[in-house]
Structure formats: C-alpha cells, structure tokens
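Peer 1: quick one: sequence plus predicted model below, questions after.
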Amino acid sequence: MSTGTEELLHDLLDQAAARTPHRPAVSDDGLSWTFAELRDWSVRFARWLSLKGVRPGDRVVVRAPNSPYLAASVFGVSRVGAVFVPISPAVSAYQFGHIVKDADPALVLDEGHMHTPWTEFAASWAKAGPAPEGKATTGGHAKSLALLMYTSGSTAMPKGVACQHDQVLYAVKAIAERLSYTSTDVIFLALPMSFDYGLYQLFLSVVASAQLSIGTVGDTAGLLPGIRRSGATIVPVVPTLAVLLVRMAARRGVSGCRVRLFTNTGARLGTPLARQLRESFPGAAVTQMFGITECKRVSIGLPDEDLIREGSLGTALRGTIIRVLDDRGLPVKAGVEGQIAVVGPHVMRGYWRAPDLTNERFVKDPVSGERMLLTGDYGLLDLSGNLYFRGRRDDIFKRRGMRVSASEIEAAAEEVSGVARAALVREGERLYLAVTGSISPSALLEELTRRLEPAKRPDACVIVPELELTTNGKVDRAAVARRILSQSGASPVGDGHA
Amino acid sequence: MTSTQWPEPFEQILRAFLPQLGQETPLKNDLRLAEHGLDSLATVSLLVEVEDAFGISIPDEFLVPDTFATPSGLWAVVEGLSQQP
C-alpha cells in the first residue's frame, strides 16, 4: 500500500477494503457491494482496460448513469494510471462530440451509444478474469492526472478541469475532516457522478468507510422514498432537490427518515430554503459549502451555522487560503467585496489543453508567490474568515450607474414568502424575474420594492410552473431567458413600477 | 389507440403537464411523457395533482420512474389505488 505523497486515488479504496472489507460500500436498487467487492470490481475493470490497450496517461471517457459499476470504473481507471473523464448522460450529442474531441481519449465507454445496459457491459469485465493477488497497478504517480472534469459553462462549450491525484486527494481529505462522515453513515446520492459534487461523495464515503446509496438521478418522485428506504443519514443537495424534498415531506411526511445532515454546494441554498429543510426533517442540520471544480471546494461551514451567521458559506479548508481581491488583483480588508481567489494544494492543475485560459485563471498569489485560482466569483470575508457570496462575474452588471448582481436580486426574491426559486433574465436594460411558487407578480414586485434599491428592481415578474435546469440541477438562466423572452411579445405579466 | 381507457379528469391533468403535445394530438397510452415536456420537477407536481384529484396517496413503492414514464403506467397505478369502478 502506498503512502505519503505517492498515494493515488484508488489507494483510498484499497485502504477501505483492508480496513473494513465487509462493510457495505455502494448500493443501488439492484446491487449492494462491500468494500472488498467494490475493490475486486475495480481491479477487474483495470485488467479489462489493460486488455483494451489503455495505457498510463490515456483518457477514458465514461458516459453512464450512476451505478456501483460506475463507482468501480473510477478506481479502475486510476489503477492503470489513466485519466477518468465522466460525462453526464444528459449532455447533448453536440456537446458530447465536443468533449470527446477535446479529451482525445483512448477509449470511450458510452452506455447510450452501445445500447447495452451497464450491467450487461459489466459482464464483459468479469470475463477479464479474477482479481490478481496483491497490488494491481499501475503507471500513475501523485502528479499525474486522475480526473478530467468537464464543467458546464452557461454559454461557452464545457471545458475540462485537469485534476492531479495529489490535488484530488488533498481536497477529499480536507473536506472529509470538516464534514466528519462516519462508517455508520449512509450517503444518498441523487446527483450525477459526472458532476464533481456527486463524484466526491464516492470518495468521501470510501474515506469514511460509509455507504453510498445510489438513487436514480432525475427520479424526483422517488427521492424521498429512496431516502427513507436506504436509511440515508447524509443527503447532498442542490437547491432544486431541496425544494422537492420540502414539497414531498410536507405531502408525505418524513417518518422513517434518518437524515442527520444536508450538505449544499453548486448553487446557493437560500436562508428560507435551509430553514424549510430543517423544519421538514427534524433532527437534520444543514451545512453550507462553496466550491468550484477548479479547486473542488473553497469553504465549508459548520452544521446550521447559517442560524448564527446568515449567508455564511464557512471558512477555508485546512491548509488553504481564501483571498478577496480588488480590481487590481490586490487583497482587500475584511468586509470589503471583491473577487474570491484561492491558494492551496487543492488548486487543480488547470484547463485541459487550454494554456491561455489556464494562465488567465491560475495566476501567482501576490502575497506568497504560490499558484492562485481566480474563481470569477465575487464575495467578501468577515473578520473571522467566513466567506459570503455576492455573485458570479457574469452575474454582475451595471444598471443606471450601479453595480448590480443577478444573484443578489434572486436571493432577495427567494426571501419573499411564497417564492420557491427565482431567476433573473436581462434584455438590455430591462430586467425580468421568473419565479416559481405561489405569489402574484404584483405582490412580489411590491415586496421587492421594499427590499431592493431602484436600480436592482425588476421591471416585471413572471410566475412560471418550473425553471429550466442544467444537467447538474442548477437554474439554467440562459434557457429561462429564451423561454421568457420568446413570450415577451406579450410582455411578462404584472409590469412593474413606472 | 384511443384514450377512452381513463376518465376525462386524468387526461386533463396530464395534458397540462405536456406543453409540447398539441391539443388535437391524441394522448396515446404509451406516449413517452418525458419527451413531451414532463420534466423531473414537474413530475412531483403531477403526482400531487393526481393524488388530490383521485383522493389517493400513492405509496412509496410505486414512486418509481416507470410510473411516470407513460400515461398508461401512471393510470395503472391510479386505477389500482382508486375504488373499483
């Protein structure tokens, strides 16, 4: 077993298999594997990859829904020193083509294309023979790439974030330290493993010898039953899932649920929604986090910390630094807003085969001289190092001479009773707010007049049944905009203040 | 395939969730609902409306993707839980 700096991603699994071979590792509706079994499958998969001619450094693209086999394949790819490139089954054919061309892989495992269920495909791994004794590796080392994570931009094509073993392992361990999953925890995964928030749940559960219970992504009606049935104690959510859980819990009750912790990242979980989650699931706490794929995680809060520090996203991971920079790239004082930047061993290598973009975002820290990631997000730190988010660079725009953040307006709307989610749509100077919930446009506009300065007030609100989402469950502002604006010949209802 | 196998209220509820299905297009029993506008969020709203309209509570074990895949899949569950006709 390797130690120290030469540790690789699959070593996490080998350590868990040695420590707790017979504990349940990963399960879905049909399968349940122990850590020894998960390891065994990953070794088989590694042998199969070798037979296919996959070599260290090669990229292996995998487009498949969540399953124990997908979990095994992550570690199998690591074993042969290759780079795991997970892709959501929900991406368009156009985007998939772009990603495959960009990743330049030695092998593409595309479940949809092969029209073969993943389970059937897995049978061919079994033919790769029994797991050999001892260490079945490798070719990778700590500084080689473990993952290539394609992140969805709102308009531009997805770009690959290149992640080294040592960087991924640092992030995993620092997050694990803070979240304290234990071997009796059951983590319910309703997020795709092609999304780093979902994929890292696998790593975190392996580190803790906890069980990962896999639900069907997008099976919203089955979400609460799945949480109940699996005995889940930890549920990572994006706001969309939180809204669904609150609705389902109000409807069906939560008897039999054992959830102790909801975690959130990926998109802001507003204060009212966090409160509703706690009210719906007595005994469950909410931990707010903030991160981007380029460094995996920036900050983690304490359970229910939002009750004391509203809007706080927690503090930096152990051994990492969060900086807030002014327009010249220099650190500002606590309490002053600026661009969020991150320094530490969790900052990933950069963008795959995109040196210009990498140099633009991965720069030199003016203080330490170390590599620093510019997140493109704006926020501030308080005196005790708690991070507060204000908006993405692309969210922030000038209106009537004022700096306005779309996120801030959405957050204000989501504070209003009767509003579930909100998305801001811009058409030149005009601002439209699309919301879900049970409120009239005029009542909402009136509330917003009380809460926002004139430059930040939407011109009109439109109540929609649902908001369009990205494949990662975030509100897809661009798609919402297309729908709202296509209807705006008959301008959105409730045209606001004069 | 005609749609006489389920009552009018069921059809009305379902159609409201299928914006991409023309008013005149018949609701076939094997229509793929997801391909006609029923997204994952709307599924929960559909569940709520159907439960209310038919005075039923669909048990956890029926809350699986198949139940919401086609009109006939959903109707089979609703009919099974409703009083016998």
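Peer 2: It's in.
Peer 1: contacts, neighbours, all on C-alpha from now
Peer 2: OK.
Peer 1: roughly how far out does stretch A:288-295 sit from the chain middle?
Peer 2: Distance, stretch centre to chain centre, for stretch A:288-295: 8 Å (C-alpha atoms, centre = their mean, to the nearest Å).
Peer 1: can you check stretch A:217-232 too?
Peer 2: So, by C-alpha atoms, centre = their mean, the centroid of stretch A:217-232 is 19 Å from its chain's centroid.
Peer 1: contacts for it, please.
Peer 2: Stretch A:217-232 is touched from outside by A:65-66, A:185-188, A:190-192, A:213, A:215, A:241, A:244-245, A:248-249, A:254-259, B:40-41, B:43-44, B:47, B:60-61, B:63-65, with contacts defined as C-alpha atoms under 8 Å, 6 or more residues apart in numbering or on different chains.
Peer 1: what of stretch A:426-445?
Peer 2: Outside stretch A:426-445, the residues that reach it (C-alpha under 8 Å, 6+ apart) are A:399, A:410, A:413, A:416, A:418-425, A:457-467, A:480-481, A:484-485, A:492-497.
Peer 1: next step: the residues you listed restricted to helices.
Peer 2: For those, membership in helices holds for A:410, A:413, A:480, A:481, A:484, A:485, with DSSP state H as the criterion.
Peer 1: which of the contacts of stretch A:217-232 fall within strands?
Peer 2: The subset of those located in strands under the criterion DSSP state E comprises A:186, A:187, A:188, A:213.
Peer 1: quick one: residues contacting the first one.
Peer 2: Meaning residue A:186. Contacts for residue A:186 (C-alpha under 8 Å, 6+ apart) come out as A:210, A:211, A:212, A:213, A:230, A:231, A:232, A:233, A:234.
Peer 1: quick one: these as CSV, columns for distance to residue A:442, pLDDT and neighbour count too.
Peer 2: Converted to CSV, these look like this (distance: C-alpha to C-alpha, whole Å; pLDDT from 0 to 100; neighbours: other C-alpha atoms under 10 Å in any protein chain shown):
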residue, distance to residue A:442, pLDDT, neighbour count
A:210, 49, 98, 25
A:211, 48, 98, 31
A:212, 45, 98, 29
A:213, 44, 98, 29
A:230, 43, 96, 23
A:231, 43, 97, 18
A:232, 41, 98, 23
A:233, 41, 98, 21
A:234, 39, 98, 23
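Peer 1: save those residues as TSV, and put in secondary structure too.
Peer 2: TSV is the format used below for the contacts of residue A:186 (DSSP: H, G, I helix; E, B strand; the rest coil):
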residue	secondary structure
A:210	coil
A:211	strand
A:212	strand
A:213	strand
A:230	helix
A:231	coil
A:232	coil
A:233	coil
A:234	strand
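Peer 1: can you lay out these as a markdown table showing distance to residue A:379?
Peer 2: As requested, the contacts of residue A:186 are arranged in a markdown table below (distance: C-alpha to C-alpha, whole Å):
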| residue | distance to residue A:379 |
| --- | --- |
| A:210 | 34 |
| A:211 | 35 |
| A:212 | 33 |
| A:213 | 35 |
| A:230 | 38 |
| A:231 | 37 |
| A:232 | 33 |
| A:233 | 31 |
| A:234 | 28 |
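Peer 1: return the closest of those with respect to chain B.
Peer 2: The closest of the contacts of residue A:186 to chain B turns out to be residue A:230 (C-alpha to the nearest C-alpha; 12.4 Å).
Peer 1: helices and strands of chain A: which one has the lowest mean pLDDT?
Peer 2: Every helix and strand of chain A was ranked by mean pLDDT, DSSP states H and E. The lowest is helix A:111-114, at a mean of 58.
Peer 1: chain B against chain A: which residues are in contact?
Peer 2: Neighbours of chain A within chain B, by C-alpha under 8 Å from any C-alpha of the partner chain: B:40, B:41, B:42, B:43, B:44, B:47, B:60, B:61, B:63, B:64, B:65.
Peer 1: and those residues, which of them are buried?
Peer 2: B:40, B:41, B:42, B:43, B:44, B:47, B:60, B:63, B:64, B:65 (16 or more other C-alpha atoms under 10 Å in any protein chain shown).
Peer 1: of these, closest to residue B:23?
Peer 2: Nearest to residue B:23 among those is residue B:42, at 19.1 Å by C-alpha to C-alpha.
Peer 1: from residue A:360, how far off is that closest one?
Peer 2: Taking C-alpha to C-alpha, to the nearest Å as the measure, residue B:42 falls 40 Å from residue A:360.
Peer 1: kindly report the same for residue A:469.
Peer 2: Here residue A:469 is placed at a distance of 28 Å from residue A:360 (C-alpha to C-alpha).
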